[in-house]
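**Student:** Model the following, please.
(2 chains)
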Amino acid sequence: DAKTTQPTSMDCAEGRAANLPCNHSTISGNEYVYWYRQIHSQGPQYIIHGLKNNETNEMASLIITEDRKSSTLILPHATLRDTAVYYCIVRVDDTNAGKSTFGDGTTLTVKP
Amino acid sequence: DTGVSQNPRHKITKRGQNVTFRCDPISEHNRLYWYRQTLGQGPEFLTYFQNEAQLEKSRLLSDRFSAERPKGSFSTLEIQRTEQGDSAMYLCASSLRGLWETQYFGPGTRLLVL
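**Tutor:** Residues are numbered from 1 along each chain as shown, chains lettered A, B, ... in the order given. You can find the predicted model right below:
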């Protein structure tokens, strides 16, 4: 699986959009971008994933650049409960896929 | 759907003792994963099962670690002769094999070896 690079930490004001970047310059054509988050003392929680098109669900939006070398997770209206560590992962998504390789993630702090 | 559950949630043990953790995946999920997470780091993959077959093991999984999933449902992770370096959060995740595979994580078991 390709390696990802994320900033160590970010701050965001409550109610504003949080934009979390991820670089994955060595991504392969069959690798998907996944985002998880981990709130303190809990297990990671799936947020969203995509291949090359932008994706949106009830939690967030995922913007993937045309060359697929980077992506941005957008939380449109951040709340205090969005304070967490956010992990960007790239992995092959086929019937033989197994593990996910996590980096150290971005610690997002949402401030009042 | 009650989610992935893990027991116990916390375990304190003395160095040299054996410990066993249990993971109950989401009922229809045929894949089960174990990860280890130390403070300030992301989860590190240990091993995974498809049904009862253990398909991959990390080099992190030393001879003292063994995992089983005897009937393709719940799984156990045993650590023999624990060492202080084994202190970590042990996370279990499950997924349904196929495209768009998403892993759902349990709350973890926090192990402290004294």
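**Student:** C-alpha from now on. contacts and neighbour counts both.
**Tutor:** OK.
**Student:** can you map out the strands along the chain?
**Tutor:** Chain wasn't specified; assuming chain A. Using DSSP state E, the strands assigned to chain A run over residues A:9-13, A:18-23, A:31-38, A:45-50, A:55-56, A:61-64, A:70-75, A:84-92, A:106-111.
**Student:** could you do chain B instead?
**Tutor:** Going by DSSP E, chain B shows strands at B:5-7, B:10-13, B:19-24, B:31-37, B:44-50, B:53-57, B:65-68, B:75-79, B:88-95, B:104-105, B:109-113.
**Student:** average pLDDT across stretch A:24-35?
**Tutor:** Mean pLDDT, stretch A:24-35: 89.
**Student:** Correction: the previous question concerned stretch B:29-42.
**Tutor:** Model confidence over stretch B:29-42 averages 92 on the pLDDT scale.
**Student:** Show me what that stretch is in contact with.
**Tutor:** A:87, A:99, A:102-105, B:25, B:43-51, B:72-73, B:75, B:87-97 (CA atoms under 8 Å, 6 or more residues apart in numbering or on different chains).
**Student:** what about stretch B:21-34, start to end distance?
**Tutor:** Separation of the first and last residues of stretch B:21-34 by CA to CA, to the nearest Å is 11 Å.
**Student:** Which residues are in contact with residue B:19?
**Tutor:** Residue B:19 sits next to B:13, B:78, B:79, B:80, B:82 when contact means CA under 8 Å, 6+ apart.
**Student:** same thing but 10 Å
**Tutor:** By CA atoms under 10 Å, 6 or more residues apart in numbering or on different chains, residue B:19 lies in contact with B:11, B:12, B:13, B:65, B:77, B:78, B:79, B:80, B:81, B:82, B:111.
**Student:** right, and residue B:24 touches residue B:8 too?
**Tutor:** No. Taking CA atoms under 10 Å as the definition, residue B:24 is not a contact partner of residue B:8, at 11.5 Å.
**Student:** The two: who's more crowded?
**Tutor:** More neighbours sit around residue B:24 than around the other of residue B:24 and residue B:8, counting by other CA atoms under 10 Å in any protein chain shown; the figures are 20 against 14.
**Student:** distance of the more buried one from chain A?
**Tutor:** Relative to chain A, residue B:24 is positioned 14 Å away (criterion: CA to the nearest CA, to the nearest Å).
**Student:** partners of that residue in the sheet?
**Tutor:** Using DSSP bridges, the bridge partners assigned to residue B:24 are residue B:5.
**Student:** Next: residue A:32.
**Tutor:** Each beta-bridge partner of residue A:32 is listed here: residue A:91, as defined by DSSP bridges.
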